[in-house]
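**Q** have a look; sequence and predicted model below, questions after that.
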Amino acid sequence: MINNGWFEYQRGKKGSPNWYKMISFKDQNTVNNTVNSIVDMTVNMGVFTTVGIQDKVLRSARFDLSDGSNLKNMEMAQIYADKFRKEFFQKGSGMIFWGNFGRGKSYTAACIANALIDKGIPVLITSFTRLSQQLYSEQDKNAFLAALNRYDLLNIDDLGVERKSDYMLENMFNVIDERYKSNKPMIITTNLTLEQLENPSSLALSRLYERILEKCTPLVFDGENLRDDKRVQNFEEAKKVFRGRGIN
């Protein structure tokens, strides 16, 4: 994007939310400073939606599109999003959504993320597996970990599914510890039970979960498996299409 002293940042139609102008620079320092300023100015324009929410299916998660399941949890998540800047961010307070798979944990966390991004608050949804892969290719791992603090909220999905190698556990601890020391909030989803979180099977996990539970309020997701409901719905819709083609 930077070429011969020019930084190109133009898309869409002039005057529309996705319009940016082309700017000329005299030196690299000006380029770097202006790039950072442009990123800050464009968080309200969907830039962080693409960068922060890499799974496309989660970008459409919205509180007003909820199917009404887990109503109490969704209400609490809505309050968290509404009060994030004035209350939770200042205290570094997060949440951990726990319960069996298919209960809406990731969707609810994504609703929070999208609500905050709409307000211009940078959020990253990721996983320990993805972060570990990124760390593996980074020469300056400390700089990478510090850069995660650019996101006011870090959402780590599916805690507990990653391999428990020494390398993975070290990366997991370093990520959590960096947020802990910086007093930056996290939203974590997991299929682990609260019992497993409070009574881990190893010292390494104990150090990790202790920090998570100190900073994140547990919220259980129970009830019916929403993925089973969706699977039945998709099957019935497919049958209607086939019947419309004369296939029973």
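**A** On my side now, so go ahead.

**Q** tell me which stretches of this structure form strands.
**A** Assigned by DSSP state E, the chain shows strands spanning 2-3, 6-7, 23-24, 94-98, 123-126, 153-159, 186-190, 216-220.

**Q** if you average pLDDT over each of these, which comes out lowest?
**A** Among those, strand 6-7 carries the lowest mean pLDDT, at a mean of 33.

**Q** Asn171 versus the closest residue in space to Pro200 that isn't next to it in sequence, what's the distance?
**A** Using Cβ to Cβ, 6 or more residues apart in numbering and skipping the chain neighbours, the partner closest in space to Pro200 is Ser206 (4.7 Å). C-beta: built from backbone N, CA, C; applies to glycine. Distance check for Ser206 against Asn171: by Cβ to Cβ, to the nearest Å, it reads 17 Å.

**Q** ok, now Lys56?
**A** Distance check for Lys56 against Asn171: by Cβ to Cβ, it reads 25 Å.

**Q** where in the chain is the helix or strand with the lowest mean pLDDT?
**A** Across the helices and strands of the chain, mean confidence by mean pLDDT, DSSP states H and E is lowest for strand 6-7: a mean of 33.

**Q** sketch out the low-pLDDT regions of this protein for me.
**A** 1-51, 223-248 (pLDDT under 70).

**Q** Glu198 is in contact with Leu213, isn't it?
**A** Yes - with contacts defined as Cβ atoms under 8 Å, Glu198 counts as touching Leu213 at a distance of 7.0 Å.

**Q** pick out whichever of those two has more residues nearby.
**A** Higher neighbour count among Glu198 and Leu213: Leu213, with 15 against 12, using other Cβ atoms under 10 Å.

**Q** the nearest residue to the more buried one once chain neighbours are set aside: what's it in contact with?
**A** Using Cβ to Cβ, 6+ apart and skipping the chain neighbours, the partner closest in space to Leu213 is Leu197 (6.2 Å). Residues near Leu197 by Cβ atoms under 8 Å, 6 or more residues apart in numbering: 96, 98, 190, 209, 212-213, 218.

**Q** how about Arg163, phi and psi?
**A** phi -70, psi 140 (degrees, to the nearest 10).

**Q** and it, how many neighbours?
**A** Neighbour count of Arg163, defined by other Cβ under 10 Å: 10.

**Q** now do the contacts for it.
**A** No residues are in contact with Arg163 under the rule Cβ under 8 Å, 6+ apart.
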